[in-house]
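Asks: Fold the following, please.
(chains A and B)
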Amino acid sequence: MRLVLWVLAVFALAASIGLGATWWTVANGLPATGLVIGPWRSEPDVGTLSADPYERAGAARRGEAPLSIGDGLAFMAATDDEGRPLEAACDYALEGALPPARLWTIAAFDPQGRRLSKPGEEPALTSANAARTVGAPLALTLSREPAPGNWMQLHGAGAFRLRLTFYDTALGSALQREIPGVLLSIKRGLCR
Amino acid sequence: MMQLIYGLALALALGGLTHVSTLLAVPQLAREGAYDRLGSLSADGRFVVLPDEAPDADILPFRDPAFVTAACRYDLSAGAVTIKAALPGTYGALSVHDRYGQPFYALTDKAAASGAVEVTVLSAEDVAAAEVEDAPEGRPALRIVSPTKTGFVLVRLFATAESARPGLREAAATASCARAASRTLSP
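Replies: A predicted model of the protein is given here:
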């Protein structure tokens, strides 16, 4: 009788360890992999045939169609520079230099991957519609209230994610010699 | 005491095995993969432009909203599929994904000949037959082998401004992914 109980307990523990680890890693990804630049995180291998089982499972679970490596590379940010979660009720100032790419876009999503922009608005800031000043770093403002310069409107009050995508870039591939230390810094301003 | 340590070690080992086997099964078991999500668009064998208005704009999560995207689901069980798409020079890309959403081929507008690309997707069994059928003259066809029998193709065109969107939607809708025309050889 004691042996049966012991076997059952071992099996239950094994199932919870195994399934729990699968559930957590599929939802969050492996904590120590990928390309991390400040608050931005990317998994360059997800768009290649050498994607690891964690990346494959995560993409399939989210229902995402990952960008192929020859096409582009996407970075996600869920926190600001100080590690606080991004909140749509706050203002954010993004500043920095971007690595060479043919095109870049930055867009805001809710944690489930739904876009934050409303119909009729510019849905994303891109290299085509952002203004640059000669000799100054790229500066973007995210806020629910209109702001001068490159402004992206936020909606609602919950947590959100930023997705910064470079198209036709050598970043993250075997061709890039040097990974930049910083992409865009994310500084939190006023919270409304 | 010995029995407890032994039990913990056994549970850890079995838990590791469970983790590996369930993780590998996730793409097969995921019910809301990208391929399944595109099923609601009736995009089987033809390109459908994904809507830009909520809630259908978010059929594919984290899709770049600066792009006009068209999708087509293919099925290779009845033969190869030829994809033709016009990719404008402002940035357009064609990517081919397997049943589980994993991309295995991509082209950008830089590879386009006179503004358009043509790719034939075939299953592993059809490769030899397709080579026999290749016409000796002309441009050799671009052929790629799909790791799965079904999958989907995305055509993504960059919209430099909102005013460019209607034209790009029209351009994306003209893309085709029909069954490849096969030539029969005379004996």
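Asks: Going by C-alpha atoms from here, please, whenever you check contacts or count neighbours.
Replies: Will do.
Asks: got a list of what residue A:165 touches?
Replies: When contacts are counted by Cα atoms under 8 Å, 6 or more residues apart in numbering or on different chains, residue A:165 touches A:72, A:73, A:74, A:75, A:104, A:105, A:106.
Asks: Among these, which lie within strands?
Replies: Those of the contacts of residue A:165 mapping onto strands are A:72, A:73, A:74, A:75, A:104, A:105, A:106, per DSSP state E.
Asks: Would you map the helices across chain A?
Replies: A:2-28, A:53-62 (DSSP state H).
Asks: Local confidence estimate at residue B:64?
Replies: The model reports residue B:64 with a pLDDT of 92.
Asks: Report the separation between it and residue B:153.
Replies: Distance of residue B:64 to residue B:153, given as Cα to Cα, to the nearest Å: 16 Å.
Asks: same check, this time on residue B:112
Replies: Distance, residue B:112 to residue B:153, using Cα to Cα: 16 Å.
Asks: neighbour-wise, which of these two wins?
Replies: Per other Cα atoms under 10 Å in any protein chain shown, whichever of residue B:112 and residue B:153 has more neighbours is residue B:153, with 26 against 18.
Asks: hmm, back to that, right, and the helices of chain A - which one's nearest residue B:123?
Replies: Among the helices of chain A, the nearest to residue B:123 by Cα to Cα is helix A:53-62 (21.2 Å).
Asks: Show me what that closest one packs onto, helices and strands only.
Replies: Secondary structure elements in contact with helix A:53-62, counted by 3 or more Cα pairs under 8 Å, 6 or more residues apart in numbering or on different chains; DSSP states H and E, are helix A:2-28, helix B:2-29.
Asks: ok, and what's touching it?
Replies: For helix A:53-62, contacts defined as Cα under 8 Å, 6+ apart pick out A:25-30, A:43, A:45-46, A:65-66, B:23-24, B:26-27, B:30, B:32-34, B:61, B:100-102.
Asks: and residue 88, what does it touch?
Replies: By default, I'm working from chain A. Contacts for residue A:88 (Cα under 8 Å, 6+ apart) come out as A:143, A:144, A:154, A:155, A:156, A:157, A:158, A:159, A:160.
Asks: that's the wrong chain, I meant chain B
Replies: Shown in contact with residue B:88 (Cα under 8 Å, 6+ apart): B:109, B:115, B:157.
Asks: lowest-pLDDT helix or strand in chain A?
Replies: Ranking every helix and strand in chain A by mean pLDDT, DSSP states H and E puts strand A:35-37 at the bottom, with a mean of 87.
Asks: Can you point out the buried residues in it?
Replies: A:36, A:37 (16 or more other Cα atoms under 10 Å in any protein chain shown).
Asks: Same question for stretch A:182-192.
Replies: Buried, per 16+ other Cα under 10 Å, within stretch A:182-192: A:182, A:183, A:184, A:185, A:186, A:188.
Asks: you'd agree residue A:113 is up against residue B:59?
Replies: No - using Cα atoms under 8 Å, residue A:113 is not in contact with residue B:59; the gap is 9.4 Å.
Asks: rewinding a little: drop anything exposed from the contacts of residue B:88.
Replies: Among the contacts of residue B:88, those classed as buried by 16+ other Cα under 10 Å are B:109, B:157.
Asks: coming back round to it: now mean neighbour count and mean pLDDT too, for the helices of chain A, in JSON lines please.
Replies: JSON lines is the format used below for the helices of chain A (neighbours: other Cα atoms under 10 Å in any protein chain shown; pLDDT from 0 to 100):
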{"stretch": "helix A:2-28", "mean neighbour count": "16", "mean pLDDT": "90"}
{"stretch": "helix A:53-62", "mean neighbour count": "23", "mean pLDDT": "89"}
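Asks: Residue B:98 - nearest residue in space that isn't next to it in sequence?
Replies: Distances taken as Cα to Cα, 6 or more residues apart in numbering or on different chains put residue B:151 closest to residue B:98, at 4.4 Å, once the chain neighbours are dropped.
Asks: residues in contact with the one you found?
Replies: Applying Cα under 8 Å, 6+ apart to residue B:151 gives the contacts B:35, B:73, B:74, B:75, B:96, B:97, B:98, B:99, B:100, B:101.
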